[in-house]
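Asker: Fold the stuff below for me.
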Amino acid sequence: MKVIVIGGTGLIGSKLVSKLREHGHDAVPASPNTGVNTITGEGLAEVLKGASVVVDVSNSPSFEETVAMNFFNTATRNLIQYGKAAGVQHYVALSVVGTDRLATPRPSDGEKTIRGYFRAKLAQEKLIQESSIPFSIVHATQFFEFVKSIADTSSDGTTVRVAPVLIQPMAADDVASAVGRVAVGAPVNGIVEVGGPQQFRIDEFVRLGLAAHNDPRKVIADPAAGYFGVEVDDRTLVPGKDARLGETRFEAWLAQSVKQPANASPSSPASASVASR
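Answerer: Prediction:
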């Protein structure tokens, strides 16, 4: 089948295109680099012609709420409009496990948080759910590739302070595989959760990641640290019991990443992710 991958030149998108092609599908990467712009609509009619599936793994250029809301609302409305005209039969979007929980403010949130970004992701999901195109929304957990960015965002000199809550991260390669399986399957008209095969406390996850790369920073478990300014608990960042799990274990990924450093965005909190994806 012909599958259009919006954001197809990013971290997840490029892997997804390769995997779909390996299985005999006509996977087409679509991004501003390839002449397709979901904000202006440029190139959408042409690239979607004859497509059975559109997969959106693109991401906002900023986590600031106004920018993110404008990006996801505009891009999604354009994809729905042009997708309907082209006869697309399955709309797949990559989002984040816990998006609804991460969008809801809590009293102890920091001054600067990513709550607004997740409100924008919820708006994106709502538009997709209310369109007439059959859909599947994939909620993925944090990527292994962003362990250093979590540390960098939480660093104060040589100290990294993170909340010791549960996280169930996964390899970007497994995210791409999961999205690919959903894309070539029947629309679920709902949400599919995917995560890694192991759970960690965030401080343990970051500590292991830094140690593998001989990073001397000290990781402190601080319940007040939050997650990118957001108050979180043991359920915020982990999927439910019915989640589909990837196969790559963190220690195996770390061993490989030491040999060949991962090419990841230094600032993404998720996605997957939303991105950059």
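Asker: My read is that R207 contacts V219, right?
Answerer: Yes: look at R207 against V219 with CB atoms under 8 Å: they come within range, at 4.3 Å. Yep, even glycine has a C-beta here, placed from its N, CA and C like the rest.
Asker: What are the boundaries of the strands in this structure?
Answerer: For the chain, the strands defined by DSSP state E occupy 2-6, 26-30, 53-56, 90-96, 135-140, 155-156, 159-162, 166-167, 191-195, 200-201, 218-221, 244-245.
Asker: Output the first one in CSV with nothing but the alpha carbons.
Answerer: Presented in CSV, the C-alpha positions along strand 2-6 are these (Å, rounded to 0.1, in the frame of the first residue of the first chain):
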residue,chain,number,x,y,z
LYS,A,2,1.0,3.6,-0.4
VAL,A,3,1.8,5.2,3.0
ILE,A,4,2.6,8.9,3.4
VAL,A,5,4.8,9.6,6.4
ILE,A,6,4.5,13.2,7.5
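Asker: That strand - contacts with which helices or strands?
Answerer: Secondary-structure packing of strand 2-6 (3 or more CB pairs under 8 Å, 6 or more residues apart in numbering; DSSP states H and E): helix 11-22, strand 26-30, strand 53-56.
Asker: Return the angle between stretch directions for that strand and helix 11-22.
Answerer: Put simply, strand 2-6 runs at 170 degrees to helix 11-22, going by axes from the mean of the first three to the mean of the last three CA atoms, to 10 degrees.
Asker: Any idea how many residues pack against the closest residue to Q89 other than its chain neighbours?
Answerer: Spatially, and ignoring its direct neighbours in sequence, Q89 is nearest to S52 (5.4 Å; CB to CB, 6 or more residues apart in numbering). Residues within reach of S52, counting by other CB atoms under 10 Å, total 17.
Asker: on that earlier part again, could you single out the most deeply buried of the strands of the chain?
Answerer: Of the strands of the chain, the one with the most neighbours on average (mean count of other CB atoms under 10 Å) is strand 53-56, at a mean of 28.
Asker: got the residue ranges for the helices in the stretch 1-150 of the chain?
Answerer: Taking DSSP state H, counting those that start in this stretch, the helices of the stretch 1-150 of the chain run over residues 11-22, 44-48, 65-86, 99-103, 115-130, 147-153.
Asker: The fifth one - contacts with which helices or strands?
Answerer: In other words, helix 115-130. helix 65-86, strand 90-96, helix 99-103, strand 135-140.
Asker: now swap in the fourth one and tell me
Answerer: For helix 99-103, the contact count by 3+ CB pairs under 8 Å, 6+ apart identifies helix 115-130 as packing neighbours.
Asker: what comes into contact with the helix it packs on?
Answerer: By CB atoms under 8 Å, 6 or more residues apart in numbering, the residues outside helix 115-130 that reach it are 60, 63-66, 68-69, 71-73, 75-77, 80, 91, 93, 95-96, 99-100, 102-105, 109, 135, 137, 230, 269, 274.
Asker: How about it, which residues are buried there?
Answerer: Going by neighbour count (16 or more other CB atoms under 10 Å), the buried part of helix 115-130 is 115-125, 127-128.
Asker: Flag the shaky bits of the stretch 1-150 of the chain, pLDDT-wise.
Answerer: 109-112 (pLDDT under 70).
Asker: Looks like the residue nearest to Q89 contacts A86 (just checking).
Answerer: No: in this structure S52 lies outside contact range of A86 using CB under 8 Å: 9.8 Å.
Asker: any residues in contact with both of those two?
Answerer: Common neighbours of S52 and A86, using CB under 8 Å, 6+ apart, do not exist here.
Asker: before we move on, the earlier item: with distance to A178 as extra columns, can I get the strands of the chain in a markdown table?
Answerer: Output for these, formatted as a markdown table (distance: least, CB to CB, whole Å):
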| stretch | distance to A178 |
| --- | --- |
| strand 2-6 | 14 |
| strand 26-30 | 15 |
| strand 53-56 | 12 |
| strand 90-96 | 9 |
| strand 135-140 | 6 |
| strand 155-156 | 31 |
| strand 159-162 | 26 |
| strand 166-167 | 17 |
| strand 191-195 | 4 |
| strand 200-201 | 19 |
| strand 218-221 | 29 |
| strand 244-245 | 6 |
